[in-house]
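Novice: Here's a sequence, model it:
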Amino acid sequence: MTRLRFYLGSVALGLLLITGCSSKTAVESDLHIDGAPDWVNEGNQMLKDRDGRLFHGIGSAPPMGDLSLQTTTADDRARAELARIFSSYMKVVSNDYSAAAGDGETQLSEQAVNRQIDSLTQINLSGAKIIGRWRDEDSGTIWSLAELDIKHVQKTLDTAMEMSPALRDFLASEGESIFDRMTGGAQ
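Specialist: This next block holds a predicted model:
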């Protein structure tokens, strides 16, 4: 029970940091890799720009002796980072939905909401695309950039048969505002 409380406290702190520290679209570089594309140095993020509301996950793989395996590993790690970011977003959606639903017939049990959110997360991540790769000539490390657009998330809602209509409507009406709140609403 203590571990569960510690874990939940850590997740809450992480979400608070994501929400509190993401007041601008561009993330300051913390890697400082000379010659690297901006996305490598900026790292994982949720951003709102002229292309829409996007989730970006960055992954890397050191030299492995097999370029194909190295590239696949970097891509898989980028998708894993994207899953982590998207899961944080969906946790906030779940919490907001639970708070908004209140009591009564429209409220779903927390377990049902979590099951539907997990299912939606897996479906949406299948729509993630690798939109960039870069190889560091000095270290041989390959970096990959995975992207998921919130428009894809909304399209998925239309085909999610097992999702309750109340949760579907909530995501359709509040999903973008929750995203904007988490990114600080900056453009």
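Novice: now the strands: where do they sit in this structure?
Specialist: Assigned by DSSP state E, the strands in the chain fall at 45-49, 52-61, 129-135, 142-149.
Novice: partners of the second one, with directions?
Specialist: Read it as strand 52-61. Within its sheet, strand 52-61 is paired with strand 45-49 (antiparallel), strand 142-149 (antiparallel), according to DSSP bridges.
Novice: quick one: the last one to strand 129-135, angle?
Specialist: Orientation of strand 142-149 against strand 129-135 (axes from the mean of the first three to the mean of the last three Cα atoms, to 10 degrees) gives an angle of 160 degrees.
Novice: what about strand 142-149, average pLDDT?
Specialist: Throughout strand 142-149, pLDDT has a mean value of 94.
Novice: Pull the residues that contact it.
Specialist: The contact list for strand 142-149 (Cβ atoms under 8 Å, 6 or more residues apart in numbering) reads 36-37, 39-40, 51-61, 70-71, 74-75, 77-79, 81-82, 86, 124-125, 127-136. Any C-beta I mention is one placed from the backbone N, CA and C, and that applies to glycine too.
Novice: If I look at the closest residue in space to Met46 that isn't next to it in sequence, what pLDDT would I see?
Specialist: What sits nearest to Met46 in space, not counting adjacent residues and going by Cβ to Cβ, 6 or more residues apart in numbering, is Thr183, at 5.1 Å. With respect to pLDDT, Thr183 scores 82.
Novice: now do Ser22
Specialist: Predicted confidence (pLDDT) for Ser22: 44.
Novice: which regions of this structure sit below the pLDDT cut-off?
Specialist: Along the chain, segments meeting pLDDT under 70 span 1-30, 101-124, 157-163, 185-187.
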